[in-house]
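sequence unknown, structure follows:
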């Protein structure tokens, strides 16, 4: 019993000591934390960061000490559990003592019964009495032992309750210490984050200082160059003044010559016979498209995917390396020509803008007609030709003669000598189209192309009139008065149908003009950056350069079948959501788009040559690059609304997963000192 009391006392003492040590440690930490916080609040920010690493080390040491105290408390809990197990064992001994007492009472009862039965036998009675005394003595001893055991059990139970209470209290304190430990660890992590942020801010400040130094150097160099230009400009002004005086003299001489010419023209008109009312159209029938460029047979490859692979193979054999993403975008932009009638390839000179359409046409079996745009172009006559009133003869351009060959309507005003190619496909390549103002010479043409989607039936003359191009024949005709009215209804009209695709190239330099909003709103604009690094140094196999050219011409009905297959594609909800979010972003700056652009984006997604969720995201990202970003040129990103609009577009692009497009937008934001947004296109790699 004494050993048990000793062990119990040792356990209680150990538990009390552990609790006291944990409490003291917590109070010390709390007091030091409060002092440190007061010191930290009074110190300037720079001193806090200098002493932060030492403080972190101290906090880590205190954390280790607290963890040791917690471990000591855990050991005390284990010792209390041992005491509890000892009480459980002692409770069994007490139970056995109660059983022995009951057995003694039963024996006493039996002895009493025997005394009554054996009252006549004295000897036996005396023996029984003697035995009774012995049993009574033993019973008293057992009762004393049982009483001591009962008291020991009561004391053990009291000690057990006290130990359980102490254990519960200790567990609460341990839990509180663990909570404090977690808070300390969180504070350490927060301090670590603060250190990282401070270091990051210091690096950003250093980078900003370096950038400002570079800008200062650039400004100083620019100032020096401006001074040199000012001197040159002064000299140029003096030269221009001299030229102006000389030009004025020339103008006076020209006025005199103009008057003399007018008199000569009037004299010639009097001498010439009266013009015929018939317009000579013989020059229109000269073919511009050599339909024997490809095999006389229709192309055997009619699968869209196989045809595209032929394009990639032919590009590689020609030593031209375009990312698959770019070729797919080019192909898809041509397929949506009904919704978006013009594809513009922009960028610096020498990036393959003119070569891509020509090599694409070679591999696909599509005729390509290059048209070199001239700076003097200012009207549709520069595209289609004009009527020479003196000769009463129509002077057609090569483009007009090609469009007559491609006209899907078998017009009876055509000559029998015409070589029709209406079943073929044609790409009209307007090379360097922005040397002149596109809206001057191509605007009316573009409107007619856009009206094609409103034509329900080519066989209905009245229905197709809205999209037909009318040649300026000044009311004259080579037809006789005996021709029927249906023929006269077609005289001078031309239908440019979806078997003719229009592609324009434009260099972006000081010699060219920017596209107007009307043209941008009706075109897909692909900007070409520098060639991918992977393409540098690759050789061209000139001997096999035409191995993968088409084995025949691509039929217009095959092209239409590809488009019709794409029109059956169901659009996922992501398309509508993306269009809505883009429109909201542009609405912030007052540049929202309407149904035309919405239909164009949906058509592009449907016609994309790949399928699946990833392909939908690629197609949507292409349209952001081709249709949305050109609308943001010149945007003031320092203005809150401009920044908000650009952030909205960036958020959409981020959701589409096009990292290269994100980087290009960020680069455009940083141009011009972060004031005016400049769209320079996306730099794609061959892996795209």
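Thanks, I have the structure now. On a predicted model such as this, the values are computed, not experimentally measured, just so you know. Residues are numbered from 1 along each chain as shown.

how far does the helix or strand where residue 314 lies sit from its chain's centre?
Here residue 314 is covered by helix 304-317, with elements defined by DSSP states H and E. Distance of helix 304-317 from its chain centroid, counting by CA atoms, centre = their mean, to the nearest Å, is 28 Å.

from the contact counts, what lies against it?
Packing partners of helix 304-317 (3 or more CB pairs under 8 Å, 6 or more residues apart in numbering; DSSP states H and E): helix 324-335, helix 355-364. Bear in mind the C-beta positions are built from the backbone N, C-alpha and C, glycine included.

okay, the ones you listed, which one's buried deepest?
Greatest average neighbour count among the helices and strands packed on helix 304-317 goes to helix 355-364 (a mean of 23), per mean count of other CB atoms under 10 Å.

could you list the residues in contact with that helix?
Applying CB atoms under 8 Å, 6 or more residues apart in numbering, the external contacts of helix 355-364 come out as 299, 307, 310-311, 313-315, 318, 320, 322, 327, 330-331, 345, 366-368, 370, 425, 427, 429, 503, 546, 548-550, 554.

relative orientation of it and helix 304-317 in degrees?
120 degrees (axes from the mean of the first three to the mean of the last three CA atoms, to 10 degrees).

what pLDDT, on average, does helix 355-364 get?
Computed over helix 355-364, the mean pLDDT rounds to 94.

kindly report the same for stretch 299-310.
86.

which residues does it contact?
The contact list for stretch 299-310, computed with CB under 8 Å, 6+ apart, reads 327-328, 331, 363-365, 548, 550-555, 558, 561-562, 565, 609.

buried subset of those residues?
Among the contacts of stretch 299-310, those classed as buried by 16 or more other CB atoms under 10 Å are 327-328, 331, 363-365, 548, 550, 553-555, 558, 562, 609.

where does confidence bottom out across these?
Lowest pLDDT among the buried ones among the contacts of stretch 299-310: residue 548, with 53.

pLDDT score assigned to residue 199?
pLDDT, read off for residue 199, is 71.

report the secondary structure state of it.
Here residue 199 is helix, with the state taken from DSSP: H, G, I helix; E, B strand; the rest coil.

that one: neighbour count?
By other CB atoms under 10 Å, the residues close to residue 199 number 11.

next, find the distance separating it from residue 206.
Note on residue 199: its distance to residue 206, by CB to CB, to the nearest Å, is 11 Å.

residue 368: which element?
Assigned by DSSP H and E, residue 368 belongs to strand 367-372.

and the helix or strand following that strand, what's buried?
The element immediately downstream of strand 367-372 (helix or strand, assigned by DSSP H and E) is helix 381-384. For helix 381-384, a neighbour-count test (16+ other CB under 10 Å) marks 382-384 as buried.

and the helix or strand following helix 381-384, which strands flank it?
Counting by DSSP H and E, the next helix or strand C-terminal to helix 381-384 is strand 385-388. Strand 385-388 pairs in its sheet with strand 393-396 (antiparallel), by DSSP bridges.

any chance you could list what contacts the helix or strand that the strand it pairs with is followed by?
Per DSSP H and E, the first helix or strand lying C-terminal to strand 393-396 is helix 398-406. Helix 398-406 is contacted from outside by 283-289, 291, 369, 371, 383-385, 414, 418-422, 424, 426, 428, 469, 471, 494, 496-497, 499-500, using CB under 8 Å, 6+ apart.
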